[in-house]
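Chemist: A predicted structure for the sequence below; I have some questions about it.
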Amino acid sequence: MVKGLQFSLFSVKHLSEKIKTNEISPVDLIEFCFDRIRKFNPSLNAFITIIDEEDAYNNARIAEREISQGNYRGPLHGIPFSIKDIIYAKDIRCTGGSRILSEYIPKTDATCIKKIKEAGAILLGTNNLNEFASGITGVNPFYGNTKNPWNMSRISGGSSGGSAVAVSTGMACVSLGTDTGGSIRVPSSLCGVVGLKPTYGRVSKYGIVPLAPSLDHVGCVTRSAWDAAAVLECISGWDSLDYISNHKKVPPYTKIIETSDFGGISIGVPKEYFFDYVHPEVESLFYQFLESIKSLGYKVFDLDLQNTERYYNTWRKIRYAEASEIHAHWLKTRKEDYSEEVREMLIQGTKISAVDYIHAMRIINEELKKEILAMLRHKIEIIAVPTTIIPAPRFDELAVSEICGTVLQTREALLRNTIVFNSTGFPAVSIPIGLTKDNMPVAVQMIGPPFREEKILSVAYNYECINSKEIKFMPPSPFTS
């Protein structure tokens, strides 16, 4: 273990301060992470590919030399990070969690990887995920299941499950992931870390294996809201290689959330849909969170939403149809190389007509997006809901979950509160707010107006400052030893 480094302080904010002043060496930090990977990855299965250690040590030595010479690049300089195994890193295998891409080695970096490397961060490896990011459980028949470090009989969530587990246990300080229906926020919620899905177009998707391009977002998993702000500041911005990326100027997020006065922000809580089947302990912890932020001067109001019954079906039609189009060639030529679950989803997608797809897109753009945007412009500034309506279920609970006397498919239960914000493209951050009686994390999701990530991150940051979040949300022994 790095001399003087405590796991409870294992965040970018704390580490960067010590790296900048040479109190901690990037070389020692890399050693710390590799030691944890060797100890915990065999049981948790968070990584698919771990890079050659000497390459990482060489990059750490370069970072150490640059910093000692006064060439400090910023808070990510010397920070170890990992990536979901669906993001291209040059010369590092990218499997997509699939059999089909099991030996694929990209020749270029994804834009987000290029940017975070330029900031001085050091890549450790690629994280496990659901096959082609097509799932929400962290279950993978080809590379094994990621296990939740809070209780290894429970799922990590997905599809960025390996990313959430790696950050939760200190195997990496940061992980980049993707989110199509909740794939960053759901595992972050279940594993007790922070998950940020920025506004659609804020971060380039170039160099990402697509699932459903209209819904795919690139974001991050971190240990704190400040860390998420630092990563977002680094990886955001227009990219000529991605026509969806937006030209809006990237704000100095970390400075804004530390210095700006966002007191008095109005926060809306929708009464419909999001609480229909919520687990009692999740609901209780959510309302405790509201009381905490009220004490900080935030105002909380009830909201009435009119189109909630359309959330799941519109998202599903777009998600399934676009994924089927992306995989059309392989579905014809390598059908048997998919898992049964993913193959069935792709087949279902081929049955969605062009008329139904276009109708779903129209509903999103002309009804759902407009309704929520009107709320965020005229009534409130942020929406808050539980990230997931249930804590992490056991692996043997994947068939159904019984909530409030209603039986829901576990997949539907986990996706329920996140999908609409992929459909609309609004920014959302998930932060841990408490533990159930079984010692499992529960999280709140905050949603803001497009390209105003600083609003949701500021509330998250202020909440963390009064709740000692980083100490409270550490997995039990041995994963913090």
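Modeler: Here it is on my side, so go on.

Chemist: From residue 212, how far off is the residue nearest to the spatial centre of the chain?
Modeler: For the chain, residue 184 is the residue whose C-alpha lies nearest the centre (CA atoms, centre = their mean; 2.3 Å). Distance, residue 184 to residue 212, using CB to CB, to the nearest Å: 15 Å. Where you see a C-beta, it was placed from the backbone N, CA and C, and this is true even at glycine.

Chemist: just residue 177 next, same as before
Modeler: Residue 177 is 15 Å from residue 212, by CB to CB.

Chemist: So the two - more neighbours on which side?
Modeler: residue 177 (34 against 22; other CB atoms under 10 Å).

Chemist: which residues touch the more buried one?
Modeler: By CB atoms under 8 Å, 6 or more residues apart in numbering, residue 177 lies in contact with 83-84, 87, 127, 160, 163, 183-184, 195, 218-221.

Chemist: Excluding residues flanking it in the chain, which one is nearest it?
Modeler: Closest residue in space to residue 177, ignoring its immediate chain neighbours: residue 160 at 3.5 Å, by CB to CB, 6 or more residues apart in numbering.

Chemist: pretty sure the one you found contacts residue 218?
Modeler: No - using CB atoms under 8 Å, residue 160 is not in contact with residue 218, being 10.7 Å away.

Chemist: out of the two, which sits in the more crowded spot?
Modeler: residue 160 (38 against 29).

Chemist: pLDDT wise, what is the more buried one at?
Modeler: Looking at residue 160, its pLDDT is 98.

Chemist: contacting residues for it?
Modeler: Contacts of residue 160 (CB under 8 Å, 6+ apart): 84, 127, 129, 133, 175, 177-179, 183-184, 187-188, 195, 221.

Chemist: Check which helix or strand residue 233 maps to.
Modeler: helix 225-235 (DSSP states H and E).

Chemist: helix, strand or coil for residue 285?
Modeler: Three-state assignment for residue 285 (DSSP: H, G, I helix; E, B strand; the rest coil): helix.

Chemist: Please name the nearest non-neighbouring residue to it.
Modeler: Excluding the flanking residues, the one nearest residue 285 by CB to CB, 6+ apart is residue 434, at 3.8 Å.

Chemist: mind checking the SS state of the one you found?
Modeler: Quick answer, by three-state DSSP: residue 434 is strand.

Chemist: Would you verify that residue 344 is located in a helix?
Modeler: Yes - assessed with three-state DSSP, residue 344 lies in a helix.

Chemist: burial count for it?
Modeler: 11.

Chemist: Check the one 3 residues further on too.
Modeler: Applying other CB under 10 Å, we find 14 residues neighbouring residue 347.

Chemist: which ones are touching it?
Modeler: Counted by CB under 8 Å, 6+ apart, residue 347 has contacts 324, 331.

Chemist: in what helix or strand does it lie?
Modeler: Using DSSP H and E, residue 347 falls in helix 340-350.

Chemist: In that helix, which residues are buried?
Modeler: 341-343, 345-346, 349 (16 or more other CB atoms under 10 Å).

Chemist: Low-confidence regions, the stretch 351-481 of the chain specifically.
Modeler: In the predicted model of the stretch 351-481 of the chain, residues 468-471 satisfy pLDDT under 70.

Chemist: can you give me the strands in it?
Modeler: Here the stretch 351-481 of the chain has its strands, by DSSP state E, counting those that start in this stretch, at 382-386, 400-403, 406-409, 428-435, 441-447.

Chemist: So which of the ones you listed is nearest residue 104?
Modeler: The minimum distance between residue 104 and these falls on strand 428-435, with 30.2 Å, by CB to CB.

Chemist: can I have the closest one written out in CSV, keeping just the CAs?
Modeler: Written as CSV, here are the backbone C-alpha positions of strand 428-435 (Å, rounded to 0.1, in the frame of the first residue of the first chain):
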residue,chain,number,x,y,z
ALA,A,428,-28.2,13.0,-14.9
VAL,A,429,-26.0,12.1,-12.0
SER,A,430,-26.5,9.3,-9.5
ILE,A,431,-25.0,9.6,-6.0
PRO,A,432,-25.2,7.3,-3.0
ILE,A,433,-27.4,8.5,-0.2
GLY,A,434,-27.7,5.6,2.3
LEU,A,435,-27.6,1.9,3.0
